[in-house]
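> all I have is the shape, not the residue letters:
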């Protein structure tokens, strides 16, 4: 496989077949809590794409250029969390300074995703699956897009059923979990397209 | 082994120190907005340090904006018009009506001051101050309503209109970790500028009411800010119909005492409802006003009088009692204070009897 096809295959797998939300169930809290409206979901999704695209490769550099040479691989988890937290704070400050409009649509979600486990998960999977730097860029970007796709789909469905009458016990989180389960099953339809390891 | 341990600690510490330094530098450079000028109503100019939210900045400048949640964007009270402050954030949208968004209304707690701003604030907010006071007496009006009398310390006097309310600050205690503010009407007349009275009914587990009923003692210092509100007597000669229940007595008591002191003679009927005798209070004081205000009539009523009450006055829900006395309300104006239920029922009753909706004034603390 030529490098570009390989990169794209991994990117595609990260978006669809190995969707971090629907196959690993990571980042569930905002997925359930902020998926009532497409507009909010879009802002949150965009913030996740942005942060995951940058933090995953940055963590790759930290892990392979700092931790491995020093024999400190076991510190990966802590180092990753610190970098993600600092990165989101920093970007929030930058966005607030440069654009009010961007801050209103994207910036206010950044503190919320500091502790989003999908973003930490992407960095941990990148290590567990021994991706190269190039593969990591595809995985980070694709993983973020996949998460955004899933929350947008969820918000679309929830917006459509907002006025429907549901059995009382299923309102809110109940029906959202059932929808998430059905979506996850639908995504298994993509199996057969696996990521090159 | 020790080396590996020290290396691990060193790397994590070093990395975090680097990231923290980066953030501090970013905060210093990126979030430093320098002094900004706030122009209020095109006349007053304030130079304030930028970078913080509008609500707390104005508070530091001595301008109090009504707010019940303390700046977390969860009460929607701190609405101000910000002419060049940009679009509202997602956190504000639920509190704003479309026409308010069109008029550039924002929640002051969600606006960060990053450049010069032009604001429009209602004129009466300039009179709002923070007051330090001392509790001079606490007395039981009923088994669950206490009258709190506060003597002002700093500033030593308050100017307000009868019917307005203040926000009492509840300091952190066993039920709350941070100060909370609750609104109470002033029940004393504005002629006494050195003291105010509040009537506070106990609500089980209520943050403020528990504090007042169980913890507050005579001599304790308290903080409040105000005055707020539009629930004041409108000028004119229309007959007055006042309907209140429970601690809804407070603003109406202030309004009628004020009328008596100023010698305003207007036809007025004050319907006051309680469940049984043990919930009824200040009957003599209110009855006494009938001789001081020509045309004033106080009509207390019990909805569930007990046999031992030996009640000979009006019975029934206060709105039903008022309905019996007022066949035609078209020429009058009404002042209501009490539960949402009471207010809703009273509005329905009065409009049915010909009173236009815009002449019904009420105070609803939910």
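Received, thanks. Quantities reported herein were computed from a predicted structural model and do not represent experimental measurements.
> and residue B:341, how many neighbours?
11 (other CB atoms under 10 Å in any protein chain shown). The way it works is simple: take the backbone N, C-alpha and C, and place the C-beta from them, glycine included.
> confidence score at it?
Residue B:341 carries a pLDDT value of 88.
> which element is it on?
helix B:340-352 (DSSP states H and E).
> can you pull the phi/psi pair for the closest residue to chain A within the stretch 51-200 of chain B?
Minimum separation of the stretch 51-200 of chain B from chain A (CB to the nearest CB) falls at residue B:86, amounting to 4.4 Å. Per-residue torsions, residue B:86: phi 80, psi -180 (degrees, to the nearest 10).
> mind pulling up the pLDDT for it?
pLDDT, residue B:86: 77.
> ok, and the closest non-adjacent residue to it?
Nearest residue to residue B:86, sequence neighbours excluded (CB to CB, 6 or more residues apart in numbering or on different chains): residue A:100, at 4.4 Å.
> so who does the one you found touch?
When contacts are counted by CB atoms under 8 Å, 6 or more residues apart in numbering or on different chains, residue A:100 touches B:86, B:87, B:114.
> repeat that for residue A:90.
B:22, B:23, B:26.
> now residue B:359
B:238, B:332, B:333, B:334.
> which of these tops the neighbour count?
residue B:334 (23 neighbours).
> state the pLDDT value of that residue.
96.
> repeat that for residue A:94.
The predicted local confidence for residue A:94 is 85.
> what does residue A:192 give?
61.
> likewise for residue B:211?
94.
> now do the contacts for the closest residue to it other than its chain neighbours.
Among residues not flanking residue B:211 along the chain, residue B:170 sits closest, at 5.0 Å (CB to CB, 6+ apart). Residues in contact with residue B:170 (CB under 8 Å, 6+ apart) are B:176, B:179, B:180, B:181, B:182, B:207, B:208, B:211.
> tell me the SS of the fourth one?
Secondary structure of residue B:181, reduced to three states by DSSP: H, G, I helix; E, B strand; the rest coil: strand.
> would you confirm that it contacts residue B:171?
No - assessed by CB atoms under 8 Å, residue B:181 is found out of contact with residue B:171, at 10.9 Å.
> ok, the two, which is more surrounded?
residue B:181 (21 against 14).
> where does the prediction get shaky in chain A?
Scanning chain A for pLDDT under 70 picks out the ranges A:191-197.
> contacting residues for the residue most central in space within it?
For chain A, residue A:144 is the residue whose C-alpha lies nearest the centre (CA atoms, centre = their mean; 3.8 Å). Contacts for residue A:144 were tallied using CB under 8 Å, 6+ apart; they are A:48, A:49, A:50, A:51, A:52, A:53, A:122.
> list the contacts of the fourth one.
By CB under 8 Å, 6+ apart, the contact set of residue A:51 is A:84, A:87, A:88, A:91, A:110, A:113, A:119, A:144.
> just the element for the residue nearest to the second one when sequence neighbours are not counted, please.
For residue A:87, ignoring the flanking residues on the chain, the nearest one in space by CB to CB, 6+ apart is residue A:55 at 5.4 Å. Remark: residue A:55 resides in helix A:38-62, with elements defined by DSSP H and E.
> starting at the chain centroid, how far to that helix?
6 Å (CA atoms, centre = their mean, to the nearest Å).
> in it, which residues are buried?
Of the residues in helix A:38-62, A:38, A:40-60, A:62 count as buried by neighbour count, 16 or more other CB atoms under 10 Å in any protein chain shown.
> what's the neighbour count on residue 12?
Unless you meant another one, I'm taking chain A. With other CB under 10 Å as criterion, residue A:12 counts 17.
> I was thinking of chain B, sorry if that wasn't clear
Residue B:12, neighbours per other CB under 10 Å, totals 15.
> now do residue A:69
Neighbours around residue A:69, by other CB under 10 Å: 8.
> swap in residue B:211?
With other CB under 10 Å as criterion, residue B:211 counts 21.
> dump the residue contacts of the residue of chain A found nearest chain B.
Per CB to the nearest CB, the residue of chain A with the smallest distance to chain B is residue A:86, at 3.8 Å. For residue A:86, the contacting residues are B:19, B:20, B:22, B:23, by CB under 8 Å, 6+ apart.
> how far away is the second one from residue B:138?
With distances taken as CB to CB, to the nearest Å, residue B:20 is found 50 Å from residue B:138.
> for these two, indicate the residue with more neighbours.
Comparing residue B:20 with residue B:138 by other CB under 10 Å, the one with more neighbours is residue B:138, at 16 against 12.
> residues contacting the more buried one?
B:146, B:147, B:148, B:149, B:216, B:217, B:218.
> got a quick PyMOL command for the buried subset of those residues?
If you want just the buried ones from the contacts of residue B:138 in PyMOL, going by 16+ other CB under 10 Å, the selection is:
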select buried, chain B and resi 146+147+148+149+216
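> any chance of the contacts of residue B:138 in CSV, plus pLDDT and distance to residue B:96?
CSV is the format used below for these (pLDDT from 0 to 100; distance: CB to CB, whole Å):
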residue, pLDDT, distance to residue B:96
B:146, 95, 37
B:147, 95, 38
B:148, 96, 35
B:149, 96, 39
B:216, 94, 36
B:217, 94, 42
B:218, 95, 43
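> pick out the most distant pair among the contacts of residue B:138.
When CB to CB is used, the two most widely separated members of these are B:147 and B:217, lying 14.7 Å apart.
> what's the closest non-adjacent residue to residue B:353?
With CB to CB, 6+ apart, the residue lying closest to residue B:353 is residue B:329, at 4.0 Å.
> regarding chain B, what is its longest strand?
strand B:129-140 (DSSP state E).
> what residues are up against residue B:33?
B:49, B:50, B:51, B:113, B:114, B:115.
> same check on residue B:219?
Neighbours of residue B:219 in contact, by CB under 8 Å, 6+ apart: B:134, B:135.
> where does it fall, phi/psi-wise?
Dihedral angles (degrees, to the nearest 10) for residue B:219: phi 100, psi -20.
> okay, it and residue B:136: tell me how far apart.
8 Å.
> flag every buried residue along the helix or strand hosting the residue nearest to the centre of chain A.
Using DSSP H and E, the element containing residue A:144 is helix A:133-161. For helix A:133-161, burial by neighbour count (16+ other CB under 10 Å) applies to A:135-155, A:157-158.
> swap in stretch A:85-100?
A:85-93, A:95-97, A:100.
> got it, and stretch B:112-126?
Result for stretch B:112-126 [16+ other CB under 10 Å]: buried residues B:112, B:113, B:114, B:117, B:118, B:119, B:121.
> identify the farthest-apart pair in these.
Going by CB to CB, the pair spanning those furthest: B:114 and B:121, at 19.5 Å.
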